[in-house]
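Enquirer: the following comprises the amino acid sequence and a computationally predicted model.
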Amino acid sequence: MRFSGQVAVVTGGASGIGAAAARRFHSEGAAVVIADLNAELGEALAAELGAERARFVATDVADEAAVKAMIDAAVVAFGRLDILFNNAGVGSRVHTPDLATEDWRRVLAINLDAVFFACRVAIPLMKAQGGGAIVNTASISGMAGDYGFDAYNAAKGAVINYTRSLGISHARDGVRVNAVCPGPVDTPIIAGIKEVPGLWERWSDAVPMGRFSRPEEIAAAVAFLASGDASYITGVALAVDGGLMAATGQPNLDLYLPKS
């Protein structure tokens, strides 16, 4: 198993992509610390995985002291830190003229500051033990703009470039840092999309593969980046998006016109 004897911390680990990643790391041998604000889901997942190799730590990732305490708790529980998956995040669809300063700061605090807080604690630990791997959840929304996602686009774009800087800065320390950039993912957080007539179908159709991803597909990419299989990869922002970023955005005429 790729992660036997290793310890992984997953923020935003109680549901969605985070829970899928926690299960994936655990299934491949890692001990897992699930950090989240949702105690009910987090404790249930830790119980599902088993106390021998799983813990839940209630954590507000926007609070730097809480992030440090959570990582310290992981080391106390399992003795080391090999993998950090900075996955906690929050969405926002508000145009700048209507975007309150406190909302802008909240989006950046959860999506960007939290990554910095965790990396600042984790990197010295990883260096001291001879290496480690960090994966940050960015987004294809950090690679291009979306209508009205002003704060979210800013935060995710910053995560990508921060990842690049960390990747090159710590390449000779044995600490690899990469970002995963999901496209649309079918998780409970987007349930409202399915209630808008035609939106789910139109959005799915915009993806070359014709569908949203499953959380497990993002988790598989995260596990790859965190594993020794990616030993020569650092500073990369990997789009896992069904081909969305490879497309021009023009419609697939094969769906509307006879093929020539």
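Expert: Cool, got the structure.
Enquirer: kindly check the end-to-end length of stretch 224-242 for me.
Expert: 17 Å (CA to CA, to the nearest Å).
Enquirer: hey, where'd the strands end up in the chain?
Expert: According to DSSP state E, the chain carries its strands in the segments 7-11, 31-36, 54-58, 83-86, 132-137, 175-182, 237-240.
Enquirer: pLDDT below threshold where in the chain?
Expert: 260 (pLDDT under 70).
Enquirer: kindly recompute the last result at 90.
Expert: 188-195, 249-260 (pLDDT under 90).
Enquirer: show me the helices in it, by range?
Expert: 16-27, 39-49, 64-78, 101-108, 114-129, 150-169, 199-206, 215-226 (DSSP state H).
Enquirer: and the first one, how far from the chain's centre?
Expert: The offset between the C-alpha centroid of helix 16-27 and the centroid of the whole chain comes to 11 Å, using CA atoms, centre = their mean, to the nearest Å.
Enquirer: same question for stretch 219-234.
Expert: The answer for stretch 219-234 is 13 Å, by CA atoms, centre = their mean.
Enquirer: in CSV, list the helices of the chain along with mean neighbour count.
Expert: No exception for glycine: its C-beta is placed from N, CA and C like everyone else's. CSV is the format used below for the helices of the chain (neighbours: other CB atoms under 10 Å):
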stretch, mean neighbour count
helix 16-27, 26
helix 39-49, 17
helix 64-78, 18
helix 101-108, 15
helix 114-129, 20
helix 150-169, 20
helix 199-206, 14
helix 215-226, 22
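Enquirer: let me have those helices in CSV, extended by distance to Ala239.
Expert: Shown next, in CSV, are the helices of the chain (distance: least, CB to CB, whole Å):
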stretch, distance to Ala239
helix 16-27, 14
helix 39-49, 27
helix 64-78, 27
helix 101-108, 21
helix 114-129, 18
helix 150-169, 10
helix 199-206, 14
helix 215-226, 9
